[in-house]
Each structure stands twice: as structure tokens, then as C-alpha cells.
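Peer 1: Need coordinates for the below:
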Amino acid sequence: MVAWWGHRFAYWAIKVLGRTMRFEEVHPEIPRFFFKGGNPAIGAFWHGRLLMMPYVYKGNQLSFLVSSHRDGQVVGKALERFGFHAILGSTTRRSFSAFKQMVRAIQNGSDIAVAPDGPRGPRYHVQIGVIELAKLTGRPIVPVSFNASRRKIFKTWDHFLLPYPFSKGVFIWGEPITVEPNGDRAHLEERRALLEKSLNELTEKADHYFNKG
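Peer 2: Presented below is the predicted three-dimensional model:
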């Protein structure tokens, strides 16, 4: 739904939102362990919550997996203006080129950010590619979700969330999920389901965060 923006407009929209919003983080010590220690990790979040993710990353080097479709290319060019490296592809097994690029990026010390239900869904369903990436590289998957106190939810497949300027935002981090390097198909599916459950729980917490009290 962001293709019509153009990457320059998308970049400035994110910048304006980032400068006018106030952000909170829940369990920031989890990503800090990886960011400060120079230990590459794989950040995972639902596709509909990706817009403000540039503002929660505090590491040194990030490669961002985005769809090769028109929307993804717009997002990718906007993220490159933040200093991130865009990898065009998806989290399906068929995206071999993107998978190889992510492996190479991790080997070169880069963190990876993925939306494991992208690029076209089903919404809130983790595709197996991110689990296989963690298995091959030995790097943990760190789930995170986002919500804003005032926002618009679009009627797109991913229920894309657009925060309003001057609203409050919250990022909620979950416990890292590791994948055994010799794990069989059953283990991979168990890890996939665990990541899906974690992301859904974090998203539910984020969605109720500003309603508490």
C-alpha cells in the first residue's frame, strides 16, 4: 500500500513520524545484548508493523529483507536512505538469492531484519525461511512488535499500521529463539510455531499497551 508514496515520500514520512512521536521500549536489554556485543541476530516482526522499525535499531549494521514487488522496492529504497542495506526477496524457500545474501550478510557481521509473514501473507503466519536461516547461520531470532497510541489500520492483507504524528509508540521485545544446527523437520516446525506464537503474543501486548490503567 506504500507504492504510491514513492521512496522519497516514504523516507520523509518515517522521519517526520520519528521526530514527532515519543517511543518506549519494553525489554530493551534483549536486543542490546546483541547490538553492543557485536553478535549478529535476526530481528523478526509482522509485515504490518514494519514502518517504524528503523527507529528501534541501535546496532551498527543492518540488512533488511523486503519484497521484490513494487511496495517492497519503495520500502527498500526508503530504508537505504537510513543507511540500511536492502535485500530483495521473501521468506519462502523459493527465494534462494535473497537467502544467500542474508547468509553472506550475517557472515560479514550484519544483523538481519525480516517480516516472516511477507511479502503477501498469510497474515501473522511465520514462513519457514527465517527458521532455516537461523539454523544455517546459528544466529538467534529476536521477535519484536510495535503499536502506536493513535494510528490508522489499513484494510490491506497485512493490516498495515500507520502511526499518527505526535502519538506515542511502543516496541516490545521477546526472548530470543534459537534453532538447532542439526534440527530435523519436526524441530524446525516447532521453532516456527514458537516464533509465530511469540510474535502474536507480543503484538497483542502492544495492541493493549496504551489501554492499561
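Peer 1: quick one: the one helix or strand in the chain whose mean pLDDT sits lowest to chain centroid distance?
Peer 2: Lowest on mean pLDDT, DSSP states H and E among the helices and strands of the chain sits helix 70-80, with a mean of 76. Offset of helix 70-80 from its chain centre (C-alpha atoms, centre = their mean, to the nearest Å): 14 Å.
Peer 1: Against which helices or strands is the very next helix or strand once past that helix packed?
Peer 2: Later in the chain than helix 70-80, the nearest helix or strand by DSSP states H and E is strand 85-88. Applying 3 or more C-beta pairs under 8 Å, 6 or more residues apart in numbering; DSSP states H and E, one finds that strand 85-88 contacts strand 62-66, helix 70-80, helix 96-107. (C-beta placed from N, C-alpha, C; glycine too.)
Peer 1: Please identify the deepest-packed of these.
Peer 2: strand 62-66 (a mean of 25; mean count of other C-beta atoms under 10 Å).
Peer 1: Tell me the strands beside it, with direction?
Peer 2: Here strand 62-66 has these sheet partners by DSSP bridges: strand 85-88 (parallel), strand 111-114 (parallel).
Peer 1: Need the winner for burial among those strands.
Peer 2: strand 111-114 (a mean of 26).
Peer 1: Show the subsequent helix or strand relative to that one.
Peer 2: Strand 111-114 is succeeded, C-terminally, by helix 129-137 (DSSP H and E).
Peer 1: what are the C-alpha coordinates of whichever helix or strand comes after that next one, in PDB please?
Peer 2: Sequence order places strand 141-148 as the next helix or strand after helix 129-137, per DSSP H and E. Output in PDB follows, covering the C-alpha atoms of strand 141-148 (Å, rounded to 0.1, in the frame of the first residue of the first chain):
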ATOM      1  CA  ILE A 141      15.800 -14.800  16.100                       C
ATOM      2  CA  VAL A 142      14.700 -11.900  18.200                       C
ATOM      3  CA  PRO A 143      11.000 -11.100  17.900                       C
ATOM      4  CA  VAL A 144       9.600  -7.600  18.300                       C
ATOM      5  CA  SER A 145       6.300  -5.900  17.800                       C
ATOM      6  CA  PHE A 146       5.100  -2.300  17.600                       C
ATOM      7  CA  ASN A 147       2.000  -0.200  18.200                       C
ATOM      8  CA  ALA A 148       1.000   3.400  18.500                       C
END
